[in-house]
Every structure is written in C-alpha cells, then in structure tokens.
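*Asks:* just coords:
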Ligand SMILES: [Zn+2]
Ligand SMILES: [Zn+2]
C-alpha cells in the first residue's frame, strides 16, 4: 500500500498528523491531549497501540504536550532532537527515546524520514520529509520564513502540510501584545498567509496533489482568508492549474481528510 497522511488536528492549541502505509503508522507531533489524540485515531478506526512511532518537531507544547499521556503504557519509540527533548520537560524512559539530527534520515518500517532545520524560536526545531516508494510527504509547521533549505525540501513533494498561521493585517490590529506580535512576525516566528501565497506563486513546483494549510491562528486568521489567499496565488500560475493541486485547510477541532498515494 502507498503512503497516506491525515492531519488529526492543527492550530495554535495542538498539532498532530498521521502518516501511514497501512502497516506502519507514524504520528508526527502529539500536541493534542493524549486522550484527544487517542479519540481521533479511533475515529479513523485505529487503536492507539498500533502507532509504530512518534516523531516530534520541537518542544513547544502545541507539538508535544500529549506525548507522555498518549504513550503511557504503550511501548512507542519517540524520535526527536536532543535539544528539543531537553527543552520539552518530557519524562520518557531512555529506551524509548531516539535522538535524531537534521539531515540524517532514518527508517521506520520502510518509511524513510528526514528532519530538516526550520527557522523558529525553539531548540533545534525540524520539519520532516517522509518518503516511501517514490512518494514524498513534507510537513513544515512553525517557521518564521521559507529558507532556501526549506524550499529545497519542499521540491518534489507529492503532499505538503505547511503553516499558514496568520493574516498580517489581522495580527497587526488584533489583541496580541506588541511583543508577541513582533515574535509571531519575526523570522523565527510563524508563516503568514502572504508568505505561503508568495511561495505558491514563486517557488512551488506544482507537483503536489494536495497542499494543506495548517497551524492557523484562532485569533489572527480565518480559514476563508488563508484559503482565498492561497487560491489566488495558485491562479497566478496558470501553467500549474492543469495539475489541479487541491488546497485544504486543517482545523483545530476536527480531523482532516485522508490523502492517499
Ligand atoms: Zn513552535
Ligand atoms: Zn506550533
């Protein structure tokens, strides 16, 4: 069976994505509560104990807060950078922790995973490429800008989950304190709708069958705005329209569709 991916939930309060080939099931981030992660997996017809591995992007709570409760009593290995683990405060048995490094691929049940560095105010934070049989899924959440390295990793992707965190105007006039606004907008903060639009118009190679806009801010974005901005950006690339790249918005409160390859 080919690869599939499902965003279990995404937003400022918690992120989790399931990547599977039907036998090996990998959770990328467990930022929903342990109970909610288990509930959403069961909604997909999957028992939590069948998860093969957990891969964590960085130590912020919305990416790892559910790891301990979710994996309690389950012998699921957790892959993360040493720095993210140190910063996370997670209590994990040493035998379950797998330390990973950016640029070094590793194999979980035939699915090859490579972390790549992303610019974000966390300890050695990563995005991920997951590959099997020539299918390439790229997950890039929590990044302040699209560095050349990130653009390089996005090339050739068949499925993309990318942050479209905020609408710049909403953020500027919104309720966040100024220091937090600056943090979000900084090059180690979060990607705006405009940044994603710029990517889709100028750098996207048109290969991906689906681009999921994820990690939308509840305060500073609207699903309609993120989608419209991305749609317009794709339309500025008439040559790509024939590919029918599907755009989706990931939600905080519900599971997204499963995309199969
Ligand atoms: Zn973060
Ligand atoms: Zn986050």
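*Replies:* Received, thanks. This is a predicted model, so every value here is computed, not measured. Ligands and ions are numbered 1, 2, ... in the order given.

*Asks:* burial count for the closest residue to residue 156 other than its chain neighbours?
*Replies:* With C-beta to C-beta, 6 or more residues apart in numbering as the criterion, residue 156 has its nearest non-adjacent residue at 5.7 Å, and that residue is residue 136. C-beta: built from backbone N, CA, C; applies to glycine. Here the count is done by other C-beta atoms under 10 Å, and residue 136 has 21 residues near it.

*Asks:* how about residue 136, what does it touch?
*Replies:* For residue 136, the set of contacting residues under the criterion of C-beta atoms under 8 Å, 6 or more residues apart in numbering consists of 129, 130, 156, 157, 158, 159.

*Asks:* SS state for the first one?
*Replies:* With DSSP: H, G, I helix; E, B strand; the rest coil as the basis, the three-state label of residue 129 is strand.

*Asks:* hmm, back to that, partner residues bridging the residue nearest to residue 156?
*Replies:* Beta bridges link residue 136 to residue 131, judged by DSSP bridges.

*Asks:* give me the local confidence score for it.
*Replies:* At residue 136, the model reports a pLDDT of 98.

*Asks:* what about residue 232, how many residues nearby?
*Replies:* By other C-beta under 10 Å, the residues close to residue 232 number 12.

*Asks:* in a helix, it, correct?
*Replies:* Yes - Residue 232 sits within a helix when classified using three-state DSSP.

*Asks:* so what's the residue lying closest to it once chain neighbours are set aside up against?
*Replies:* Counting by C-beta to C-beta, 6+ apart, the nearest residue to residue 232 once its immediate chain neighbours are dropped is residue 197, at 6.9 Å. For residue 197, the residues meeting the contact criterion (C-beta under 8 Å, 6+ apart) are 229, 230, 232, 233.

*Asks:* and residue 197, which of the three is it?
*Replies:* What three-state DSSP gives for residue 197 is helix.

*Asks:* what separation do you get for it and residue 55?
*Replies:* From residue 197 across to residue 55, the span is 28 Å (C-beta to C-beta, to the nearest Å).

*Asks:* could you check how far whatever residue of the stretch 101-250 of the chain ends up closest to ligand 2 is from ligand 1?
*Replies:* The minimum distance from the stretch 101-250 of the chain to ligand 2, using C-beta to the ion, falls at residue 142 (4.3 Å). The spacing between residue 142 and ligand 1, counted by C-beta to the ion, to the nearest Å, is 4 Å.

*Asks:* any idea whether that residue is helix, strand or coil?
*Replies:* For residue 142, the secondary-structure state derived from three-state DSSP is coil.

*Asks:* pLDDT value on it, please?
*Replies:* Confidence per residue is given as pLDDT, and for residue 142 that number is 97.

*Asks:* tally of neighbours for residue 174?
*Replies:* Residue neighbour count, defined by other C-beta under 10 Å, stands at 16 for residue 174.
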